[in-house]
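Colleague: Can you look at this prediction? I've put the sequence above it.
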Amino acid sequence: MRLVGYAAALLATALAGCGSDVTVDLVWGGPPEPGSGGAVSVDGFASYQRSVDEHWERSAAMAAAEFLRLDERTARRTTIDGKASAEGTGPQTVVVTLDGLLDDSVQAERWTLGFDEDGGVYSLTAALREQRCQDGRGHEGFSADECV
């Protein structure tokens, strides 16, 4: 037991000596798996967003790309469609469609994301994932139901 306490004290001393020379880059890992009905929790992304100050937070479309990690996705076609109020501020809905996925069951995913704007920063408030199946693998329209 003393060895564990000593190791913890040694680690704390080593970390204290690091000072401000240590930087940690926070990285969002991507959206969690959808629940029933295609709803996806946004709590983890909200927490991540509170811990960063990034340029993508000033655009609902860019925040959607960050949430979905579009930089790591492979689709033949990706479309992003944002809808805002007539004044261009306030709540926005962003629909991202990834079509031509390299998956033997799922042809396309459609994400409907809701954002609130406060002081020029867009916060994700809701996320819904639907999918369209490959021919012969299930439903042909977008649905939260799984493909086979």
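Modeller: That came through fine.
Colleague: what residue ranges in this structure score low on pLDDT?
Modeller: Along the chain, the model assigns pLDDT under 70 to residues 1-24.
Colleague: could you pull out the helices for it?
Modeller: Counting by DSSP state H, the chain has helices at residues 2-18, 43-50, 60-68.
Colleague: Cross-check the contact I'm expecting between residue 77 and residue 99.
Modeller: Yes: Residue 77 lies in contact with residue 99 (C-beta atoms under 8 Å); the separation is 4.5 Å. No exception for glycine: its C-beta is placed from N, CA and C like everyone else's.
Colleague: what pairs with residue 99 across the strands?
Modeller: In this entry, residue 99 is beta-bridged to residue 77, residue 108, by DSSP bridges.
Colleague: meant to ask about residue 113
Modeller: Counting by DSSP bridges, residue 113 is bridged to residue 94, residue 127.
Colleague: Going forward, count from 444.
Modeller: All right, first residue 444 from here; so that's residue 556.
Colleague: Distance check, it against residue 578.
Modeller: When distance is defined by C-beta to C-beta, to the nearest Å, residue 556 is 28 Å away from residue 578.
Colleague: which one is residue 588 nearest to, not counting chain neighbours?
Modeller: residue 582 (5.8 Å; C-beta to C-beta, 6 or more residues apart in numbering).
Colleague: can you check residue 585 too?
Modeller: Distances taken as C-beta to C-beta, 6+ apart place residue 573 nearest to residue 585, at 4.1 Å, with adjacent residues excluded.
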